[in-house]
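Undergrad: Model the following, please.
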Amino acid sequence: CSTIYNTKNRRFTMASDIPVYSKQYINGDWVDSTNNTLPDSEKYIDVLDSNTDTVCARVINGSSADTERAIEAASAAFKSWSRTTVQERKGYVQKIIQEYMKRQKDVASALQKELGAPKFLAEKVQSVMFIAHMSTAIQVAEQCEWKEDVGESIIVKEPIGVVGAITPWNWPLNQIGCKLGPALMSGCTVVLKPSEVTPINAYLVAEAIHASGLPKGVFNMVCGKGKACGEILAKHPKVDMVSFTGSTAVGRHLHALGAQQIKRVRTELGGKSAAVILDDATPEQIGLMAGNVLGNTGQSCNALSRMIVPKSRYDECCQIAKATFESVKVTEPGNPNASKIDIGPLSSREQQKKVTGYIQKGIDEGARVVTGGLGTPEGVPSSGYYVKPTVFADVNNNMTIAQEEIFGPVLCIIPYENEDEAVDIANDTIYGLSNGVAGANMDRAMDVASRLRSGQVHVNSTQQSLLAPFGGYKQSGDGREWGKYGLEDFLQVKSINKPKLRKSKM
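TA: Numbering: from 1, shown residues only. Presented below is the predicted three-dimensional model:
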């Protein structure tokens, strides 16, 4: 490693043209990790370029001692930060947004490598979500009724305290924004543990926060692996809440750790969402639902990865799905000629092996490949983490590919006889994050939506307002993010009871 580069307040060194992020952000400063004395092979985590399987950066492999130091800083800062007004917090969050926007181009560039997001997705969607959620947090905090008179009592909403925020690799800026925004606007202090798979964008966020002048200790960031840097957030007595987005298995583990202190643990976990196609759905509605799982290369917890279709239109639905998938190209993220619907590689070699394994499992269990299948798509580097967008037909809901979260561009088409059976198939899963309904008769489609057991249902659309709650039923988690519902997760409710006023005697 050589000279420190302070351009744009960035804290990294260079080694053989590879940036090395060796610092943690704790108590308003870039500090050395307690792992700093270890050999480089243990001290750093390689960040891999999803397009080429080469190292594009290295980040510090932090320790539980780093996280504990960050927790202490957040705990100390909470005393003063929790006493600030909503307008004071708004000023800081607005400044964070301004500083982030100066770095947004760098964020999008990093996402094209560490996540494999195509240029359009990185620039116009992924990197924008941080701004959107931080701005929404300001809006809902200003609209919140922080005090309310109830009888002789005053009901007040107060920040819960120190928040441990653990974010995933698939929508990193989205999840940092929808946790950090409401946490700060509610008066909480934060220790962020970003994914070590896609950490560079988080470093850029930390730079923006540092430049904003946010008081020391209000925001802290520790980079490292989950067991060392994440688990302590659920176990430490000075952490009042953990907000986690990730796998159901890890969410279950964090709940168990937090339960030892009756700690609030809010989770947004996996999904196996279904699109129910009614027999009067238009071809355009069917195509919209079929293509949903392609977004972000299928790496979204709310992706509609099962399509439940009427037997009377089964062949037609399979052909529409086939045409939809084949209209999308798999491309290198830096391709300037890619369309906004084209998809890139998966995020990691591990993810590529997992998705390929599920495609093989579907074939082994008797599902029919309509398009896609095994192998590398044409026109992309064989060294990248690419898979073919795949549609399976002749799937039944007992198959592995219909029950387990694949987290890739894979659609399972399942036939049904009648509407009741369609609802039963959709609900026959341990998950309950999202579902969809497609049908020409809106009243009928809305009635089916009301019977689906999930935190959100998309009817003839795949969009959702940032003011609406995002979260699941069952093993998809117990938290609600976005809008006022996301803000409320970071609040406690207190009753301040006053003596009754006695009527004076004449």
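Undergrad: quick one, what contacts His133?
TA: Asn174, Gly177, Cys178, Gly181, Leu466, Trp482 (C-beta atoms under 8 Å, 6 or more residues apart in numbering). The C-beta positions use only the backbone N, C-alpha and C, and glycine is treated the same way.
Undergrad: next one: Lys124
TA: Lys340.
Undergrad: which SS class is it?
TA: Of the three states, Lys124 takes helix under DSSP: H, G, I helix; E, B strand; the rest coil.
Undergrad: any idea how far Ser434 is from it?
TA: 22 Å (C-beta to C-beta, to the nearest Å).
Undergrad: same check, this time on Glu326
TA: Distance from Glu326 to Ser434, by C-beta to C-beta: 25 Å.
Undergrad: got it, and Asp240?
TA: Applying C-beta to C-beta to Asp240 and Ser434 gives a distance of 29 Å.
Undergrad: These two: which is more packed in?
TA: Ser434 (29 against 22; other C-beta atoms under 10 Å).
Undergrad: Surely the more buried one touches Ser300?
TA: No: counting by C-beta atoms under 8 Å, Ser434 does not reach Ser300; the two are 9.2 Å apart.
Undergrad: what do the two both touch?
TA: With C-beta under 8 Å, 6+ apart, Ser434 and Ser300 have no common neighbours.
Undergrad: what residues does the helix or strand harbouring Ile155 touch?
TA: Ile155 is part of strand 153-159 when elements are defined by DSSP states H and E. By C-beta under 8 Å, 6+ apart, the surrounding residues in contact with strand 153-159 are 78, 82, 144-149, 186-188, 488, 490-498.
Undergrad: Give me the subset of these lying in strands.
TA: In strands, judged by DSSP state E, the following of the contacts of strand 153-159 are found: Lys147, Glu148, Asp149, Leu491, Gln492, Val493, Lys494, Ser495, Ile496, Asn497.
Undergrad: any chance of these in TSV, with neighbour count and distance to Gly217 too?
TA: Compiled in TSV, those are given as follows (neighbours: other C-beta atoms under 10 Å; distance: C-beta to C-beta, whole Å):
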residue	neighbour count	distance to Gly217
Lys147	10	27
Glu148	11	31
Asp149	9	34
Leu491	18	20
Gln492	14	20
Val493	10	25
Lys494	11	24
Ser495	10	30
Ile496	10	28
Asn497	10	33
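Undergrad: Ser109: which of those is nearest?
TA: For the ones in strands among the contacts of strand 153-159, the closest approach to Ser109 (C-beta to C-beta) belongs to Leu491, at 36.5 Å.
Undergrad: right, and the closest one touches Ser186 too?
TA: Yes: between Leu491 and Ser186 there is a contact under C-beta under 8 Å: 5.6 Å.
Undergrad: anything in contact with each of those two?
TA: By C-beta under 8 Å, 6+ apart, the residues touching both Leu491 and Ser186 are Pro159, Ile160.
Undergrad: Name the residues of the lengthiest helix in the chain that are buried.
TA: Assignment by DSSP state H gives helix 86-114 as the longest helix of the chain. Residues of helix 86-114 classed as buried by neighbour count (16 or more other C-beta atoms under 10 Å): 86, 89-90, 92-93, 95-97, 99-100, 103-104, 106-114.
Undergrad: how near is the spatially closest residue to Gly271 that is not a sequence neighbour to Gln98?
TA: Closest residue in space to Gly271, ignoring its immediate chain neighbours: Leu433 at 3.4 Å, by C-beta to C-beta, 6 or more residues apart in numbering. Look at Leu433 and Gln98: by C-beta to C-beta, they are 33 Å apart.
Undergrad: same check, this time on Met241
TA: From Met241 to Gln98 the distance is 28 Å (C-beta to C-beta).
Undergrad: Let me know the distance separating Lys329 from Gln112.
TA: Relative to Gln112, Lys329 is positioned 16 Å away (C-beta to C-beta).
Undergrad: Low-confidence bits of the stretch 1-150 of the chain, can you list those?
TA: 1-16 (pLDDT under 70).
Undergrad: can you give me the helices for it?
TA: Along the stretch 1-150 of the chain, counting by DSSP state H, counting those that start in this stretch, helices occupy 40-43, 64-81, 86-114, 119-121, 128-143.
Undergrad: Of all those helices, which one is nearest His210?
TA: helix 86-114 (8.4 Å).
Undergrad: I'd like to check the angle between the closest one and helix 64-81, please.
TA: 150 degrees (axes from the mean of the first three to the mean of the last three C-alpha atoms, to 10 degrees).
Undergrad: circling back: residue contacts, the residue nearest to Gly271?
TA: 268-271, 273, 301-302, 454-456, 471-473, 476-477.
Undergrad: All set now, cheers.
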